[in-house]
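>>> I would like to see how this sequence folds:
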Amino acid sequence: MKLSHKLIAGYVVIGIITVITGTIGIHTAKKLAGRYEQLALGNLPIQRALNELKIAGLRIVASTSEAVVLLGEKHQQSEHEWITLEDGDHQQLIGELKLIDEGKANFYRALGEYAVRAEKYDPNELSEIEPIERLTKALLEASFQLIVNKRMNLLGTEVTEAKEIFEQREAAYLQHIDTLLSIRNNELEKSLARNIAATDQALSLIVFFGSLALLVGFMFGILQARTIAANLSRLTQKAQQIGQGNLGQPVEVDTSDELAELATAFNKMTEDLKQTETERGLARTELEHYADQLEKNSRELQEVVYVASHDLQEPLRKVMTFCERLKYKNTDGTVPADPEYLNKLIATADRMRRLLDDLLEYSNLIRHTLVVEQIDLTIMVQRVSKGFHEMEGLEGEINYTSLPTIKGDPGLIRLLLFHLFDNAYKFSRNGVGIQVNVSADDSTPNFHTITIADNGRGFDQKYAERIFTIFEKLQNDTHSQGTGMGLALCRKIMEMHGGTIGVTSIEGAGAKFILNFPA
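Residues are numbered from 1 along each chain as shown. Here you go, the predicted model:
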């Protein structure tokens, strides 16, 4: 018999016993829960309502007795048919009458609770509501009649008769409530006894089947442990050898069950490991070669960009010098009549120079190593805006609120702000005062969001991604003298800081650049 079949059979037996045990426990728990609900939400609240009914009746009786005693004391002092009370006694009598009314209110409140609980948990109790209400009304009537007779200073026989009626109705009311309470107490004791018996029975069954499951599992475990221990020992020794790098000898077991299949798979795995180790060594060597080559190519590419942008400036300067001379002087010393062509040549050469300057700046940025510091953006914006106005000599407003402190390279952050301010000035609207607003928002988790908004010309939102491309310009009129490199530098700086930059714009209504710096 295969080991898997043995294990399945053993687990099935243990599972059946466990299911039986669990079923007994669940059934008992449900039964106890139902009885507890009946007890906690039914019997006990009904019993509590009956106690409140009894207390309400006793309050009526006590207040009536106090009133009668008070009137009895004045009866001995009065010669009139109607007993006259002094202010203090009158207030005391009113207080006792109020207590009677409170007892009446408490009675009907308790009677309502009694009716609700009885309707839900013991409908047979509903038949007791009418007798309780009838006895209470009779008690209240007797109380009222006794107090009235006493107040009117009637004959002693009439008062005595009213008092006897009141005491009879008091006894009838309390006896009826006590009878109902006694019935409830008996039912409560029986319910508790049933719950204890059910719990004991369930506990005995659970202990029995649980012990049986443990015994079966214990015996089954011992038998299987003896069967597989020896073969597992061999497999363990082989695993330790493999862990030490010894992939030589295969493992051998004396069995025909799943352990034999495991040993075969183990030997196959050993062979695969040998092959994998060989292939991994070759792949590592090849990967190291490619990494070295890639690093070399990257260095060469950066050097080419740097040399090209640096070395081409000298011939450009010579071209510009030559063109300047031709502009103002011909070979015969006269000034050309139409210098338009030479002006265009000079402008083109100047643009090529600026393109190469920007390319050199981008190359330097790629090779730049970040020097991270704590940067107070409020101070940084203040300095950049002041320096920008002084250097460019342009009129405009750069407004800013309190900005956060971020981690970054001061030089690169300064360059980032300069290009964004420069972009706002280059693409301002004719006749409209330049205004740039810098604000902060920390609502994005783990990021400081900085917004730089201007009131310039703006652009169609469909170009929002395109403007961050190297040498990309959306406007080519005479007012926009940039090379299209500024925003590409801004994106590269944000990427180097682990942040992002985006833009929203409406054509003719300015642009809003949104920078997200890691917090």
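
>>> what strand or helix carries the residue lying closest to Gln145 once chain neighbours are set aside?
What sits nearest to Gln145 in space, not counting adjacent residues and going by CB to CB, 6 or more residues apart in numbering, is Ala162, at 5.1 Å. C-beta coordinates here come from the backbone N, C-alpha and C atoms, glycine included. Counting by DSSP states H and E, the element that carries Ala162 is helix 156-243.

>>> tell me the average confidence for that helix?
Throughout helix 156-243, pLDDT has a mean value of 78.

>>> point to the residue nearest the middle of the chain.
Geometric centre of the chain, nearest residue: Pro445, 13.3 Å, by CA atoms, centre = their mean.

>>> in a strand, that one, correct?
No. Under DSSP: H, G, I helix; E, B strand; the rest coil, Pro445 sits outside any strand and is assigned coil.

>>> quick one, phi psi at it?
phi -60, psi 140 (degrees, to the nearest 10).

>>> just checking, what packs against the helix holding Ala162?
Under the contact criterion of 3 or more CB pairs under 8 Å, 6 or more residues apart in numbering; DSSP states H and E, helix 156-243 touches helix 3-37, helix 44-75, helix 129-151, helix 258-311.

>>> adding mean neighbour count, mean pLDDT and distance to His176, write the ones you listed out as TSV.
Shown next, in TSV, are the helices and strands packed on helix 156-243 (neighbours: other CB atoms under 10 Å; pLDDT from 0 to 100; distance: least, CB to CB, whole Å):
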stretch	mean neighbour count	mean pLDDT	distance to His176
helix 3-37	14	71	28
helix 44-75	19	76	10
helix 129-151	18	82	6
helix 258-311	12	70	78
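
>>> need the ones you listed in CSV with distance to Gln241, can you?
Output for the helices and strands packed on helix 156-243, formatted as CSV (distance: least, CB to CB, whole Å):
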stretch, distance to Gln241
helix 3-37, 24
helix 44-75, 71
helix 129-151, 87
helix 258-311, 9
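
>>> which one of those helices lies nearest to Ala202?
helix 3-37 (3.5 Å; CB to CB).

>>> surely Ile346 touches Cys323?
Yes. Here Ile346 reaches Cys323: they are 4.7 Å apart, a contact under CB atoms under 8 Å.

>>> how far off helix 129-151 does the helix holding Ala162 point, in degrees?
Angle, helix 156-243 to helix 129-151, by axes from the mean of the first three to the mean of the last three CA atoms, to 10 degrees: 140 degrees.

>>> and helix 156-243, how far from the chain's centre?
Relative to the chain's own centre, helix 156-243 is displaced by 39 Å; criterion: CA atoms, centre = their mean, to the nearest Å.

>>> quick check, Gly498 in a strand?
No. Residue state for Gly498 (three-state DSSP) corresponds to coil; a strand is not indicated.

>>> after the helix or strand containing Tyr425, next one along is what?
Element membership for Tyr425 (DSSP H and E) is helix 410-426. Downstream of helix 410-426, the first helix or strand assigned by DSSP H and E is strand 435-441.

>>> per-domain residue ranges of the protein.
25-209, 370-518 (automatic domain parsing).

>>> so which of the ones you listed comes closest to Leu294?
Using CB to CB, the nearest of these to Leu294 is domain 370-518, at 19.6 Å.

>>> distance of Glu390 from Cys490?
To Cys490, Glu390 is 22 Å away according to CB to CB, to the nearest Å.

>>> who's more crowded, the two?
Shown here are Glu390 and Cys490; by other CB atoms under 10 Å, Cys490 has more neighbours (24 against 9).

>>> OK, contacts around that one?
By CB atoms under 8 Å, 6 or more residues apart in numbering, the residues touching Cys490 are Leu416, His419, Leu420, Phe468, Ile501, Phe513.

>>> which residues pair with the fifth one across the strands?
Here Ile501 sits in beta bridges with Leu515, going by DSSP bridges.

>>> offset the numbering so it begins at 36, please.
Sure, I'll start counting at 36 from here, so that last one is Ile536.

>>> between strand 470-476 and the helix holding Tyr460, find me the angle.
Using the same axes, to 10 degrees: helix 445-461 against strand 470-476 is 140 degrees.

>>> packing partners for helix 445-461?
By 3+ CB pairs under 8 Å, 6+ apart, helix 445-461 packs against strand 408-411, helix 412-427, strand 482-489, helix 521-531, strand 546-553.

>>> quick check: which of these is nearest to Gln496?
Nearest of these (CB to CB): strand 546-553, 9.8 Å.

>>> who touches the closest one?
Contacts of strand 546-553 (CB under 8 Å, 6+ apart): 441-443, 451, 455, 459, 462, 479, 481-489, 491, 493-494, 525, 529, 532-540.

>>> also stretch 139-151?
By CB under 8 Å, 6+ apart, stretch 139-151 touches 80-81, 83-85, 87-88, 90-92, 94-95, 160-161, 164, 167-168, 171, 175.

>>> repeat the analysis, applying 7 Å as the threshold.
Residues outside stretch 139-151 that contact it (CB atoms under 7 Å, 6 or more residues apart in numbering): 80-81, 84-85, 87-88, 91-92, 94-95, 161, 164, 167-168, 171, 175.

>>> average pLDDT for that stretch?
Rounded mean pLDDT across stretch 139-151 is 82.

>>> give the buried residues for it.
Neighbour-count burial for stretch 139-151, with 16 or more other CB atoms under 10 Å as criterion, is recorded at Lys139, Asn141, Phe142, Ala145, Leu146, Glu148, Tyr149, Ala150.

>>> cool, stretch 215-222 as well?
Leu215, Leu216, Arg219, Glu222.
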